[in-house]
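Engineer: Provided below are the primary sequence and the corresponding predicted coordinates.
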Amino acid sequence: MSLKLAIFFSIVACINACPEEPHRGLSQVPEHVGEKGWLYQIHDVQRSWRNLRNDRYSIVSSILVRLFKENDRAQTFFSKFDNVPVESLKDDHEYNKQVALVADRLDNIITAMDDKVQLLDNIDYMKRSHIERGIPRGPWKDFSRILFDVLGSAGMSSKELNSWKSVLTVFINGIAPV
């Protein structure tokens, strides 16, 4: 049996074992999810994230501020603080709520991504909830690029960075519209 077929049947078996949670994103399964190398990358990302996890709010805030400075259109996707000057965002209650939401969602995705069904459900949820807001692919790629820069400046090894790059690519390809 080919690896892809084995992965498919294992995902179907997991889904069938949990019929109360029908999975709507099955078509988004990246080909390499379930491969041994992918699992090592997941564990690299999870391990390195544990070292940064307590700083996730400041990390996400710095990413969003940089994103809004680089692309002022990106802030318009956040209607509750789209007119707040970037320099004043850190004092804005709605902005801080969004930072917490993004940071906690990222934390949830990363800490649970070794569970294939939960990973696919998280990606599917993110895709559906952000398509409704009309967020194009560009800001997702920018967020990913800036996160990658932040991780690099945090002193991650090249191996860890390669794992993050692979994982972020799967996230962006699953979440962002083409």
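Structural biologist: Sure, I can see it.

Engineer: identify the residues contacting the closest residue in space to E70 that isn't next to it in sequence.
Structural biologist: Closest residue in space to E70, ignoring its immediate chain neighbours: D142 at 6.7 Å, by Cβ to Cβ, 6 or more residues apart in numbering. C-betas here are computed from N, CA, C, even on glycine. Applying Cβ atoms under 8 Å, 6 or more residues apart in numbering, we find D142 in contact with L67, E70, N71, A74.

Engineer: do L147 as well
Structural biologist: I59, I63, W164, L168.

Engineer: might one say that the first one is in contact with N51?
Structural biologist: No: using Cβ atoms under 8 Å, I59 is not in contact with N51; the gap is 11.5 Å.

Engineer: who has more neighbours out of those two?
Structural biologist: Neighbour count, other Cβ atoms under 10 Å: between I59 and N51, I59 has more, with 21 against 12.

Engineer: now do the residue nearest to N96 when sequence neighbours are not counted, the pLDDT please.
Structural biologist: Take N96 and drop its neighbours on the chain: the residue closest to it by Cβ to Cβ, 6+ apart is K90, 7.5 Å away. On pLDDT, K90 comes in at 96.

Engineer: which of the three states applies to K90?
Structural biologist: helix (DSSP: H, G, I helix; E, B strand; the rest coil).
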